[in-house]
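Visitor: Model the following, please.
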Amino acid sequence: MKLLILGAGNLQLNAIRRAKAMGHTVIVSDYHADPPGKMLADVHEQVSTFDVEGNLRVAARYQVDGIMTVGTDQPVYTVAQVAQTLNLPALIDVPTALAVTNKKVMKQRFLESAIPTARYVLLREDFQESELAAMGFPVVVKPLDSQGQRGVYKLSSIREIREVFRDVLSYSRQLELMVEEYYPSREITVSGWVSAGETFVVGVVDRITFEVARHIGICTAHHLPSQFLATRHREIADLTERLVACFGIRNGPIYFQFLVGAEGIKVNEIACRIGGAYEDIYLPRATGIDMLDMVIQASLGKKVDCSPLEHHDWLANQKHLAVELFFATPCTIASLSSIQRLLELPGVIHAQYNFGIGDRIGEITDATQRAGVLMVEGKNETELAANRERARAALGIFDECGNNHILG
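Guide: Model (predicted):
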């Protein structure tokens, strides 16, 4: 069968390999001329994953049997539009896809269903200060329809909002942006699957983030199991089911980001996709549930076997695993430490660099500057910490003077 995958970047490589291994012909669309997945796929079309009309033409040209994406937000809407127009199998409909990819629609749905979330306002560039009268500073400013923390700032004054306004909109197709009250909190993510409206939680992890100047929420690690699992699992499960119901999600993967703070759990945002921290690789290892296979099968109209979900106990799963989404300081790469040696270290289950020799790594402003990923497991917390420390020490991104630019 022919499968169109939107995106051919590092987050889609595993999906391309898996679909090929299942015997499918894989067409990828990606606006880059030479994305990492180009050599793995059967066909690469240089079309943006945001471009509905462009992907409609690609899907029609190759008479694809299905369309999907993984690890990235905005293409979810493109997938739904193309599937509807060409009568292809669809996990969610277009209205649902819009609601989970446009923060304006998403936040409205939260309020209508009394879903706890940070207070917010929507602003146009000519906004009046009075529009922010009810907001407390600091605030988080973000585009309505971007991804990867691009254009997201933590700011302390109206003057700063005006300073970054056009930059924020440069990452958006809208004429307004969102300003949220900053909520001091720890972050968790809920990964799961919905089948005929029934919610199955697959895993809950701690999402570790850091700030660089005014840039906020850049994810640097996922840790499993979550520190909040024992004490907040009922609240997490209830909120997850409420979100599935109020957004009318009937089938497919879910990826919800929650903020845990003094005022309880608040919803940051939600998505109908596999997460962008390589959940398609580490969740099967940690839980035994392979949602990537399920997405591929469902996108091609095949029946998905949900029996593993019915027998999965996400509360009993105590496997210890860390996903390190590491960064590096600015440099031109002269050499890299050996991936093969990393994979031979105790507990290391996956490692990759997102840059190659000769590439230039710039300043960190969002998640697109990730230098690579390292996945480590252990029998318990102590062993995991030791394995992680040993593996981190073996990472190396070197400049021509031999300086290692790995952060942390």
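Visitor: Would you tell me which helix is longest in this structure?
Guide: As assigned by DSSP state H, the longest helix anywhere in the chain is helix 229-246.
Visitor: can you list the residues that contact it?
Guide: 109, 112-113, 115-116, 188, 190, 192, 194, 197, 199, 201, 204, 228, 249, 254, 256, 258, 260, 264-265, 267, 270, 315 (CB atoms under 8 Å, 6 or more residues apart in numbering). (C-beta placed from N, C-alpha, C; glycine too.)
Visitor: Select only the buried ones of the residues you listed in PyMOL?
Guide: Here is the PyMOL command that selects the buried residues among the contacts of helix 229-246 (16 or more other CB atoms under 10 Å):
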select buried, resi 109+115+188+190+192+194+199+201+204+228+249+254+256+258+260+265+267+270
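Visitor: excluding its backbone neighbours, what's nearest residue 356?
Guide: residue 333 (6.9 Å; CB to CB, 6 or more residues apart in numbering).
Visitor: Repeat that for residue 341.
Guide: residue 394 is the one closest to residue 341 (CB to CB, 6+ apart), at 6.5 Å.
Visitor: how close does residue 286 sit to residue 201?
Guide: 13 Å (CB to CB, to the nearest Å).
Visitor: Tell me the gap between whichever strand or helix holds residue 122 and the middle of its chain.
Guide: Per DSSP states H and E: residue 122 is located in strand 120-124. Relative to its parent chain, strand 120-124 has a centroid offset of 24 Å by CA atoms, centre = their mean, to the nearest Å.
Visitor: that older thread, just to be sure, which of the contacts of helix 229-246 are found in strands?
Guide: 188, 190, 192, 194, 199, 201, 204, 254, 256, 258, 260, 264-265, 267, 270 (DSSP state E).
Visitor: Just flag the most distant two among those.
Guide: The span of those, defined through CB to CB, is set by 194 and 264 at 24.0 Å.
Visitor: how about the strands of the stretch 251-400 of the chain, start to end?
Guide: Applying DSSP state E, counting those that start in this stretch to the stretch 251-400 of the chain gives strands spanning 252-261, 264-271, 320-324, 331-332, 335-336, 348-353, 360-361, 372-378, 397-398.
Visitor: Of all these, which one is nearest residue 41?
Guide: strand 348-353 (17.7 Å).
Visitor: partner strands of that closest one, parallel or antiparallel?
Guide: Sheet partners assigned to strand 348-353 using DSSP bridges are listed as strand 372-378 (antiparallel).
Visitor: what angle separates the partner strand from strand 320-324?
Guide: Orientation of strand 372-378 against strand 320-324 (axes from the mean of the first three to the mean of the last three CA atoms, to 10 degrees) gives an angle of 170 degrees.
Visitor: could you give the mean pLDDT of strand 372-378?
Guide: The pLDDT scores in strand 372-378 average 97.
Visitor: what's next to the strand holding residue 122, contact-wise?
Guide: Against strand 120-124 from outside (CB under 8 Å, 6+ apart): 104, 107, 131-132, 134-135, 144, 161, 165, 175-181.
Visitor: Mind checking which of those are in helices?
Guide: Short answer: the contacts of strand 120-124 in helices (DSSP H) are 104, 107, 161, 165.
Visitor: Max pairwise distance over the residues you listed: which two?
Guide: 107 and 165 (18.9 Å).
Visitor: Between the two, which is the more surrounded one?
Guide: Between residue 107 and residue 165, residue 107 has the larger neighbour count (other CB atoms under 10 Å), namely 22 against 18.
Visitor: Next up, the contacts around that one.
Guide: Contacts of residue 107 by CB under 8 Å, 6+ apart are 117, 120, 178.
Visitor: returning to that earlier point: mind listing what's buried in the strand holding residue 122?
Guide: 120, 121, 122, 123.
Visitor: Tell me the bridge partners for the closest residue to the first one other than its chain neighbours.
Guide: The shortest distance from residue 120 to any residue other than its chain neighbours is 4.4 Å, reached at residue 180 (CB to CB, 6+ apart). The bridge-partner assignment for residue 180, based on DSSP bridges, gives residue 120, residue 140.
Visitor: Local confidence estimate at residue 180?
Guide: pLDDT, residue 180: 98.
Visitor: how close does it get to residue 272?
Guide: In terms of CB to CB, residue 180 sits 21 Å off from residue 272.
Visitor: ok, now residue 301?
Guide: Taken as CB to CB, the span from residue 301 to residue 272 is 18 Å.
Visitor: So for these two, which residue has more residues nearby?
Guide: Each of residue 301 and residue 272 has its neighbours counted (other CB under 10 Å); residue 272 has more, 26 against 12.
Visitor: which residues sit against the helix-or-strand element of the chain with minimal mean pLDDT?
Guide: Here the helix or strand of the chain ranked lowest by mean pLDDT, DSSP states H and E is strand 215-224, holding a mean of 91. Applying CB under 8 Å, 6+ apart, the contact partners of strand 215-224 are 140, 149, 152-154, 187, 189, 203-212, 277, 282, 286, 319-327, 364-367, 408.
Visitor: I figured residue 404 hits residue 394, correct?
Guide: No - applying CB atoms under 8 Å as the test, residue 404 and residue 394 come out as separate, 10.7 Å apart.
Visitor: Residue 397 bridge partners, please.
Guide: Bridge pairing for residue 397 - DSSP bridges - gives residue 336.
Visitor: Spatially central, which residue of the protein would that be?
Guide: residue 276 (2.8 Å; CA atoms, centre = their mean).
Visitor: where's residue 15, which helix or strand?
Guide: Applying DSSP H and E, one finds residue 15 within helix 13-21.
Visitor: ok and that helix relative to strand 348-353, angle-wise?
Guide: Using the same axes, to 10 degrees: helix 13-21 against strand 348-353 is 110 degrees.
Visitor: which helices and strands does helix 13-21 pack with?
Guide: strand 2-6, strand 25-29, helix 279-287, helix 291-299 (3 or more CB pairs under 8 Å, 6 or more residues apart in numbering; DSSP states H and E).
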